[in-house]
Structures are given as structure tokens and as C-alpha cells.
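1. following is a predicted model, sequence given first.
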Amino acid sequence: MGVFALTLAAKNDLRGIARFTEERWGRAQRLHYLKGLDETFKILADSPRLGNPCDYIEPDLRKHPFQSHVVFYNCRSEEEIQVIRVLHKNMDAQYRMLLRHSET
């Protein structure tokens, strides 16, 4: 069984998603959506090559859709992934990745 780790940026993304979802659709939907994201992280950790490569943004970066969001991650090994960002599908991922690097 694979494992996953979240970057600080990914944790902040999840907080924002949780806040927005609860304000818009309520607590039950927030819990349901976050549970779905958690399950997606586990699936990706078990099958790290499932996501599509997006080397055009960053070397070794992969992405996988989940409903209205896209999970960006890299493979640390065949049993571990690092979730880099969780962005809305309409966001400019390249720009957001540049922001992430400027914050570190």
C-alpha cells in the first residue's frame, strides 16, 4: 500500500477548497469532497504512474483529475507520492507552480 505526503502549498489548497465548499454547499458536501480527494491521493500512491506527465510545467510532475480539481504530484518512489498542489481545473497551473517556488 502506497503512501502520500502533502506539501504546505497542497495543505493550503485543501483548506481553501474546504472553506469554499462548506460556504457554498454545506458541511456534508465539504466532508464528502475532501474524502474523495483523500481516496484519490491513496489511489495515486498505490499507482503513481496513473496520472499524466506534465513535464511542460515541471520535470517529473504528474497530474490527475478529481471532479472540479486537478491533483499535481510527483513520485518519490513506486510506493510514495508527494502531492504538490490541488488546483481548480480552470486555474493556470503553470503560474501557480511558479508562485509556489517563489514562496520557498
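-> Received, thanks. This is a predicted model, so every value here is computed, not measured.
2. what are the phi and psi values for the residue lying farthest from the centre of the chain?
-> Using CA atoms, centre = their mean, the residue of the chain lying farthest from its centre is residue 26. It sits 21.7 Å away. Main-chain dihedrals, residue 26, degrees, to the nearest 10: phi 100, psi 170.
3. in the helix or strand where residue 16 lies, what's buried?
-> Taking DSSP states H and E as the definition, one finds residue 16 inside helix 8-25. Within helix 8-25, the residues scored as buried using 16 or more other CB atoms under 10 Å are 9, 10, 13, 14, 17, 18, 21, 22. Where you see a C-beta, it was placed from the backbone N, CA and C, and this is true even at glycine.
4. and what of stretch 34-47?
-> Buried, per 16+ other CB under 10 Å, within stretch 34-47: 37, 40, 41, 43, 44, 45.
5. turn the residues you listed into JSON lines, including pLDDT, distance to residue 89 and secondary structure.
-> Below are the buried residues of stretch 34-47 laid out as JSON lines (pLDDT from 0 to 100; distance: CB to CB, whole Å; DSSP: H, G, I helix; E, B strand; the rest coil):
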{"residue": "37", "pLDDT": "99", "distance to residue 89": "13", "secondary structure": "helix"}
{"residue": "40", "pLDDT": "98", "distance to residue 89": "14", "secondary structure": "helix"}
{"residue": "41", "pLDDT": "98", "distance to residue 89": "17", "secondary structure": "helix"}
{"residue": "43", "pLDDT": "97", "distance to residue 89": "18", "secondary structure": "helix"}
{"residue": "44", "pLDDT": "97", "distance to residue 89": "17", "secondary structure": "helix"}
{"residue": "45", "pLDDT": "97", "distance to residue 89": "22", "secondary structure": "helix"}
